[in-house]
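1. the amino acid sequence is not available; the structure is as follows:
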């Protein structure tokens, strides 16, 4: 059996510190994948992987690496779909789990919203701000995912 890990799509992840706390408590290796600009952690359980500049390079690395037993933290729906297909557990930073049961709907919603945005160039915003309750839901979801 391979080592369990938490893989973080780190460039825009708002819950890196929370994930590190949980990883430390469970003594599970955590990998922060980014294009750079992320300060490496002094925690020996936390590894930083810096990929080449360019669109989706971190996503490509995570998708190629994730597998059964891993927990992937990302808000990127196409990346989540690849990780779910590879057998990894996937959590969004707000704690929502993406699974084989709901990833198809998440992809369809993402595509619909992209179409709506492109049809109306004056459309602004669209999402609600990340809240303290989201952090709490994430911590609970990560704990549950690691206990499975």
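-> It's in. The model shown is predicted, which means the values in this text are computed figures rather than measured ones. Numbers count the residues shown, from 1 in each chain.
2. surely residue 139 is in contact with residue 22?
-> Yes: the criterion here is CB atoms under 8 Å, and residue 139 meets it with residue 22 at 6.6 Å. The C-beta positions use only the backbone N, C-alpha and C, and glycine is treated the same way.
3. same drill for those two, tell me which one is more crowded.
-> Between residue 139 and residue 22, counted using other CB atoms under 10 Å, residue 22 has the larger neighbour count: 19 against 16.
4. doesn't that one lie inside a strand?
-> No: according to DSSP: H, G, I helix; E, B strand; the rest coil, residue 22 belongs to no strand; its state is helix.
5. ok, it - contacts?
-> Going by CB atoms under 8 Å, 6 or more residues apart in numbering, residue 22 touches 6, 139, 142-143, 146.
6. of these, buried ones?
-> Among these, those classed as buried by 16 or more other CB atoms under 10 Å are 6, 139, 142, 146.
7. most widely separated two among those?
-> Greatest spatial distance among these (CB to CB): 6 and 139, at 12.5 Å.
8. how long is stretch 62-71 end to end?
-> From its first residue to its last, stretch 62-71 covers 11 Å (CA to CA, to the nearest Å).
9. buried ones in that stretch, by neighbour count?
-> Neighbour-count burial for stretch 62-71, counted by 16+ other CB under 10 Å, picks out 62-63, 65-66, 70-71.
10. how many residues are close by the closest residue to residue 29 other than its chain neighbours?
-> In this structure, residue 29 finds its nearest non-sequential neighbour in residue 5, 4.9 Å apart by CB to CB, 6 or more residues apart in numbering. For residue 5, the count of nearby residues is 21 (other CB under 10 Å).
11. residues touching residue 5, list them.
-> Listed by CB under 8 Å, 6+ apart, the contact set of residue 5 reads 28-31, 69-71.
12. TSV please, covering the contacts of residue 22 and showing secondary structure, pLDDT and distance to residue 132.
-> Shown next, in TSV, are the contacts of residue 22 (DSSP: H, G, I helix; E, B strand; the rest coil; pLDDT from 0 to 100; distance: CB to CB, whole Å):
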residue	secondary structure	pLDDT	distance to residue 132
6	strand	97	21
139	helix	94	11
142	helix	96	16
143	helix	94	17
146	helix	92	22
